[in-house]
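Trainee: Sequence first, then the predicted structure, then my questions.
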Amino acid sequence: MELHSPSRLSHMTQDCSTRPNSAEVSSRRRRAAMEMLSMLKVGYTILRSETPATDLVNTFMDWAARRSLVLLAIFLPPYYVYKLTTSAFAVVTPEKVAGKVVLITGASSGIGEQIAYQYAKKGARLALVARREGSLREVAAKAKDAGSPDVLVVAGDVANPEDCKGFVQTTVEHFGRLDHLVNNAGVANVCWLEEVPDVADFKQVLAVNFWGAVYPTHHALPHLKKSGGKIFVNSSAAAVLAMPRMSFYNASKAAVLNFFETLRIELRDEVGITIATLGWIESEMTKGKHLSKEGTVEVDQDMRDAQVGLFPVVRAERCAEAIVDAVCRGRRHLTVPMWYRALFLWRMLAPEVGDLSQRVFYRRTAGTRGNQAKAKRFLEVTGAKGVLQPASLQSSDIKRE
């Protein structure tokens, strides 16, 4: 009889414990057999069925897609290593914009105005575009004081294709080049769809928000390609969250988002594109300026309080800092405030939960003046309004000419 030392017996015991038992082996074999049978079934269907070929191909792709999570699990770790590496490089080497030319639409107030100041601090030369020329000149003077060596003011309407062609040409003729295009101009509607007398009145929302970004981009592209320039476009969290009372605005911003994602693929690396999905930001919109159900501009802070509710409003200066930093670092996407990404994730993974929360937050009766006043009083009585909204939003005064 062969005798084993205690150490050898210990090794043998460990070997036995690490070996899969017969039940585990049998289970693995059954799973492998089932997978093989599934593949054979798909193959048999393709060979024997009289179903059109395109249906058979899609049947196979449906089967393959259900197994793509394994490939995704293998792909994601090296992908995120690559992302972290490129992000670290961008942190160390952001683009220097001193002396470069930046065209900003919607620059007479709000986010566009603050973006102008942020570029000015970095020494960029600016072309400021909006319909209100007097307000633009005020912004231009402050931008020069902030450090911009040259500021051009061009009055124009982004919804007018001829105006867009004109202000891009004027910018290039004045400066001799164009490096960054900031598509910022926008307008919002706040009303229930069924209360709208004529939906045609809201064509202007898409004209400004969507075509007002497409027209300048189309005319600026040849110049941006020459300079290896960049495009910034202001989308909105509403494009993802589908906020009630803002159906036309949501649609226009979703169109912007998808248009520029497609353009990014077409341009490859010739021109960089940064798309921002912004939450509630300090601006004339969060002061209560929007289109009423009749399609006319109004300033209604009761409606603003009902719409914004308990969402904290980000200061425009802070938002502009994040935007200019993201563009200079070549980031593809930017969300301000960043915590909105959690809302996007809920919307994608649990859409019914998102729908329910929207219904609770935007009760249908909130369209009446009385309920708007209650929402406003709640914010004021609890003191939440002073905490959640910048001081500038307490006044309904906006720039007028």
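Mentor: It's in.
Trainee: my hunch is that residue 234 is in a strand, does that hold up?
Mentor: Yes: per DSSP: H, G, I helix; E, B strand; the rest coil, residue 234 lies within a strand segment.
Trainee: neighbours of it, just the number please.
Mentor: For residue 234, the count of nearby residues is 27 (other C-beta atoms under 10 Å). Every C-beta, even on glycine, is put in place using the N, C-alpha and C of the backbone.
Trainee: same question for stretch 189-208, mean pLDDT?
Mentor: Averaged across stretch 189-208, the pLDDT comes to 92.
Trainee: in that stretch, what's buried?
Mentor: 189-191, 196, 201-202, 204-208 (16 or more other C-beta atoms under 10 Å).
Trainee: now stretch 341-355
Mentor: 343, 347, 354.
Trainee: likewise stretch 141-148?
Mentor: Going by 16+ other C-beta under 10 Å, stretch 141-148 has these buried residues: 143, 146, 148.
Trainee: Just the CA trace of it, in CSV.
Mentor: Extracted C-alpha coordinates of stretch 141-148, given in CSV (Å, rounded to 0.1, in the frame of the first residue of the first chain):
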residue,chain,number,x,y,z
ALA,A,141,-17.9,96.7,-25.0
LYS,A,142,-17.8,94.4,-22.0
ALA,A,143,-16.1,91.7,-24.0
LYS,A,144,-13.3,94.2,-25.0
ASP,A,145,-12.9,95.1,-21.3
ALA,A,146,-12.6,91.4,-20.5
GLY,A,147,-9.7,91.0,-22.9
SER,A,148,-10.9,90.5,-26.5
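Trainee: now the strands: where do they sit in the chain?
Mentor: Under the criterion DSSP state E, the chain contains strands at 101-105, 125-130, 151-155, 180-183, 230-236, 272-278, 289-291, 297-299, 333-336.
Trainee: Can you lay out those strands as TSV showing mean pLDDT and distance to residue 312?
Mentor: What follows is those, written out as TSV (pLDDT from 0 to 100; distance: least, C-beta to C-beta, whole Å):
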stretch	mean pLDDT	distance to residue 312
strand 101-105	98	26
strand 125-130	98	27
strand 151-155	97	32
strand 180-183	98	25
strand 230-236	94	16
strand 272-278	96	13
strand 289-291	90	19
strand 297-299	89	21
strand 333-336	94	12
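Trainee: any chance of the buried residues of stretch 141-148 in a markdown table, plus distance to residue 298 and pLDDT?
Mentor: Converted to a markdown table, the buried residues of stretch 141-148 look like this (distance: C-beta to C-beta, whole Å; pLDDT from 0 to 100):
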| residue | distance to residue 298 | pLDDT |
| --- | --- | --- |
| 143 | 30 | 97 |
| 146 | 33 | 96 |
| 148 | 34 | 97 |
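Trainee: and which of these is nearest residue 182?
Mentor: residue 143 (13.1 Å; C-beta to C-beta).
Trainee: Check the gap between that closest one and residue 102 for me.
Mentor: Here residue 143 is placed at a distance of 10 Å from residue 102 (C-beta to C-beta, to the nearest Å).
Trainee: what sits in contact with each of those two?
Mentor: 119, 126 (C-beta atoms under 8 Å, 6 or more residues apart in numbering).
Trainee: give the contact list for residue 279.
Mentor: Per C-beta under 8 Å, 6+ apart, neighbours of residue 279: 237, 311, 314, 335-337, 340.
Trainee: Output the lowest mean pLDDT helix or strand found in the chain.
Mentor: Taking mean pLDDT, DSSP states H and E as the measure, the helix or strand of the chain with the lowest value is helix 6-18, at a mean of 48.
Trainee: Buried by neighbour count: which residues of stretch 216-226 qualify?
Mentor: Across stretch 216-226, burial judged by 16+ other C-beta under 10 Å covers 216-217, 219-221, 223-224.
Trainee: Number of residues surrounding residue 319?
Mentor: Residue 319 has 26 nearby residues by other C-beta under 10 Å.
Trainee: Closest to the centroid, which residue in this protein?
Mentor: Nearest residue to the geometric centre of the chain (C-alpha atoms, centre = their mean): residue 277, 2.4 Å.
Trainee: For residue 192, grab phi and psi.
Mentor: phi -80, psi 140 (degrees, to the nearest 10).
Trainee: give the contact list for the closest residue to residue 153 other than its chain neighbours.
Mentor: Ranked by C-beta to C-beta, 6 or more residues apart in numbering and with sequence neighbours excluded, the top spatial neighbour of residue 153 is residue 136, at 4.6 Å. Residue 136 sits next to 107-108, 128-130, 153-155 when contact means C-beta under 8 Å, 6+ apart.
Trainee: picking up where we left off before, okay, the strands of the chain in a markdown table with distance to residue 248 next?
Mentor: Listed next are the strands of the chain as a markdown table, based on distance: least, C-beta to C-beta, whole Å:
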| stretch | distance to residue 248 |
| --- | --- |
| strand 101-105 | 20 |
| strand 125-130 | 21 |
| strand 151-155 | 26 |
| strand 180-183 | 18 |
| strand 230-236 | 12 |
| strand 272-278 | 17 |
| strand 289-291 | 8 |
| strand 297-299 | 14 |
| strand 333-336 | 22 |
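Trainee: nearest to residue 27, of those strands?
Mentor: Judging these by C-beta to C-beta, what sits closest to residue 27 is strand 333-336, at 43.4 Å.
Trainee: Just confirm the residue nearest to the centre of the chain contacts residue 257, I think it does.
Mentor: Yes: assessed by C-beta atoms under 8 Å, residue 277 is found in contact with residue 257 at 7.3 Å.
Trainee: which neighbours do those two share?
Mentor: 235, 239.
Trainee: For the stretch 51-200 of the chain, just list every one of the helices.
Mentor: 53-65, 68-92, 110-121, 133-146, 161-175 (DSSP state H, counting those that start in this stretch).
Trainee: Out of the contacts of residue 136, which is nearest to residue 330?
Mentor: For those, the minimum distance to residue 330 (C-beta to C-beta) is 22.5 Å, reached by residue 107.
Trainee: Please name the nearest non-neighbouring residue to the closest one.
Mentor: Nearest to residue 107 is residue 128, by C-beta to C-beta, 6+ apart, at 4.0 Å.
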